[in-house]
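> Take a look and give me a structure for this.
(one chain, ligands or ions: 1)
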Amino acid sequence: MAAPRILIIGAGPMGLAAAYYAARAGYSVEVLEAGDRPGGMAAHFDFDGLSLERFYHFCCRSDVDTLQLMSDLGMTRPMNWVETRMGYFVDGKLYRFGDPVSLLLFPKLGPVEKVRYGLMAFWSTRRSDWAKLDRISARDWFIGWCGKRVYDKLWRPLFQLKFFEHADRVSAAWVWQRIKRLGNSRKSIFQEELGYIEGGTQSLVDALVRAIEALGGTLRLNAPARHILVEDDAVCGVETADGDVRAADIVISTAPLPYVPDLLARTAPDLAGAYAGFDNVGVVCVIHKLKRRVSANFWVNISDPAIEIPGFVEFSNLRPTGDVIVYVPYYMPAVHPKFAWTDADLADESFAYLQRVNPALTPDDRIASHVGRLRYAQPVCDVGFAARIPDPRTPVSGLYVADTSFYYPEDRGVSESIRFARALVANLGAPG
Ligand SMILES: Cc1cc2nc3c(=O)[nH]c(=O)nc-3n(C[C@H](O)[C@H](O)[C@H](O)COP(=O)(O)OP(=O)(O)OC[C@H]3O[C@@H](n4cnc5c(N)ncnc54)[C@H](O)[C@@H]3O)c2cc1C
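Predicted structure coming up:
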């Protein structure tokens, strides 16, 4: 008997990992990817000869599912761990941040605020129960711990410039999980340590694609799914944008949730409605290749009324890339006017911001810039989100739907998508 056929929508880490685990379990697997390359949000591009993620990617010590998958795939390119630093640019000056000593020396907080802040950070790394945090906003949680002044000075600008009109709705559980993930990625209490895969995330994506194909699976690029096909309450395939119909016994959609209502509108309109109303912000990410370092930090948070970005990531302070590489992410809802700015305007503005942080930078230091855009880059996980996450197993037999918000309170991450995919495929059981 032929193996049951699984169609997977999306070749990001979740789709590729699902395809790999399903093919390994004996399913016949095909992946449909709308874009021209696999990797999703973690995909690379060629930056004048340097293979680089379109959006910065680092790994944390807790990314055990990425490490396990790398081992399963027999990858020879290792994970490298690097001691990294964090900075905070506040009102025109750059400070060290993110460890007990820099907190003690940080001049923008009073002694009591420092104790409260330190306790919050420490307790966040130890806590594992998050049910209560799901019921309050990050804003109220921070104010409760550190006071309104600290929230307004340090956190409000970050939230406003990432979530805009959604800023006050974001759940405390989501933020806590981010603090915990980073807070535990340390060599010691004094030293943060982050990882990168040799060759970048592309090494993992390439290894996954090779393994899927070696197990008989196929990956079709430039093949956007347009309709999920349903008959008698059971999924039966997918129609692609060019009208091609691909039959399947099981369909797993890993596309960002805002795309799902359209995929179901024709064939399962009742179910389509269940996926409406999940907000998601986009990102425009400027990448600068420079001759000179901006700072010694991997990332710099920013709280400065004259700078309209929440921070930047100096990636070359993690992965050696030859020239200096700095990512400047502009998160914003895709309807925000800045989303439509030209690449050149965004590159100029973001470089001017970097010059404010390091006035020694001159236009001569600019080698090249690149801009990557994503309409849906960050789910808005609001208060009470846990109860809103749909079951990935839909009422349509054989149809599974998930995206990065399904592993809330964890934030979107490569390792988290891999773990989710592995569990989802394990729940399908053995074929036949
Ligand atoms: C700016 C930024 C920085 C990040 N930094 C990190 C980091 O440092 N560390 C980390 O672990 N994670 C990071 N992430 C998150 C990480 O990239 C994601 O968690 C991960 O890529 C999610 O994988 P996924 O497969 O679940 O979703 P995606 O990567 O979103 O993959 C979904 C895929 O579905 C495809 N698709 C959509 N619609 C269709 C359709 N109709 N038909 C076919 N295909 C379709 C998309 O093209 C995409 O390839 C970052 C993300 C961003 C945006």
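
> how about low-confidence regions in the stretch 151-300 of the chain?
Low-confidence segments of the stretch 151-300 of the chain (pLDDT under 70): none present.

> Residues of it that sit close to the ligand?
With the criterion set to C-beta under 6 Å from any ligand atom, the stretch 151-300 of the chain comes near the ligand through 224-225, 254-256, 259, 283, 285. For the C-beta atoms, the positions are set from N, CA and C on the backbone; glycine is no exception.

> Which ones among those residues lie within strands?
If you go by DSSP state E, those have 225, 283, 285 in strands.

> now, among the residues you listed, which is nearest to residue 242?
Closest to residue 242 out of these is residue 225 (11.0 Å), distances taken as C-beta to C-beta.

> one step back: okay if I get the ones in strands among the residues of the stretch 151-300 of the chain next to the ligand as JSON lines plus neighbour count?
Shown next, in JSON lines, are these (neighbours: other C-beta atoms under 10 Å):
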{"residue": "225", "neighbour count": "25"}
{"residue": "283", "neighbour count": "21"}
{"residue": "285", "neighbour count": "22"}
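
> Residue 169: what's its closest spatial neighbour, skipping adjacent residues?
residue 382 (4.1 Å; C-beta to C-beta, 6 or more residues apart in numbering).

> what about the one you found, how many neighbours?
Per other C-beta atoms under 10 Å, the neighbour tally for residue 382 reads 19.

> sorry, back to before: of all the residues of the stretch 151-300 of the chain next to the ligand, which two lie farthest apart?
225 and 285 (25.3 Å).

> For the stretch 251-400 of the chain, give the residue positioned nearest to the ligand.
Residue of the stretch 251-400 of the chain nearest the ligand, by C-beta to the nearest ligand atom: residue 255 (3.4 Å).

> tell me the secondary structure for residue 228?
Assigned with DSSP: H, G, I helix; E, B strand; the rest coil, residue 228 falls in the strand class.

> Can you verify my assumption that it contacts residue 235?
Yes - if you go by C-beta atoms under 8 Å, residue 228 and residue 235 touch, sitting 6.5 Å apart.

> Tell me the residues that contact both of the two, please.
251, 399 (C-beta atoms under 8 Å, 6 or more residues apart in numbering).

> So if I had to pick from these two, which one is more boxed in?
Taking other C-beta under 10 Å, residue 228 and residue 235 do not tie; residue 228 has more neighbours (29 against 24).

> three-state assignment of residue 252?
Here residue 252 is strand, with the state taken from three-state DSSP.

> one step back: who does the residue nearest to residue 169 bridge with?
On the basis of DSSP bridges, residue 382 is bridged to residue 170.

> so it sits right up against residue 167, yeah?
No - between residue 382 and residue 167 there is no contact under C-beta under 8 Å: 10.5 Å.

> Tell me the residues that contact both of these two, please.
Common contact partners of residue 382 and residue 167 (C-beta under 8 Å, 6+ apart): none.

> Now stretch 213-228 - C-alpha only, PDB.
Extracted C-alpha coordinates of stretch 213-228, given in PDB (Å, rounded to 0.1, in the frame of the first residue of the first chain):
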ATOM      1  CA  GLU A 213      14.900  14.800  -0.500                       C
ATOM      2  CA  ALA A 214      17.000  11.800   0.500                       C
ATOM      3  CA  LEU A 215      14.000  10.300   2.200                       C
ATOM      4  CA  GLY A 216      12.000  10.700  -1.000                       C
ATOM      5  CA  GLY A 217      10.200  14.000  -0.200                       C
ATOM      6  CA  THR A 218       9.900  17.000  -2.500                       C
ATOM      7  CA  LEU A 219      10.100  20.700  -2.100                       C
ATOM      8  CA  ARG A 220       8.400  23.000  -4.600                       C
ATOM      9  CA  LEU A 221       9.500  26.700  -4.500                       C
ATOM     10  CA  ASN A 222       7.500  29.600  -6.000                       C
ATOM     11  CA  ALA A 223       4.400  27.400  -5.400                       C
ATOM     12  CA  PRO A 224       2.000  29.400  -3.200                       C
ATOM     13  CA  ALA A 225      -1.000  27.500  -1.900                       C
ATOM     14  CA  ARG A 226      -4.200  29.300  -2.900                       C
ATOM     15  CA  HIS A 227      -6.900  27.000  -1.700                       C
ATOM     16  CA  ILE A 228      -6.900  24.100   0.800                       C
END
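
> Which parts of it count as buried, going by neighbours?
By neighbour count on 16 or more other C-beta atoms under 10 Å, the buried set for stretch 213-228 is 215, 217, 219, 223-228.

> How many residues are close by the closest residue to residue 84 other than its chain neighbours?
Nearest in space to residue 84, with sequence neighbours left out and distances taken as C-beta to C-beta, 6+ apart, is residue 298 at 3.9 Å. Neighbourhood size, residue 298 [other C-beta under 10 Å]: 23.

> Appreciated, that's everything.
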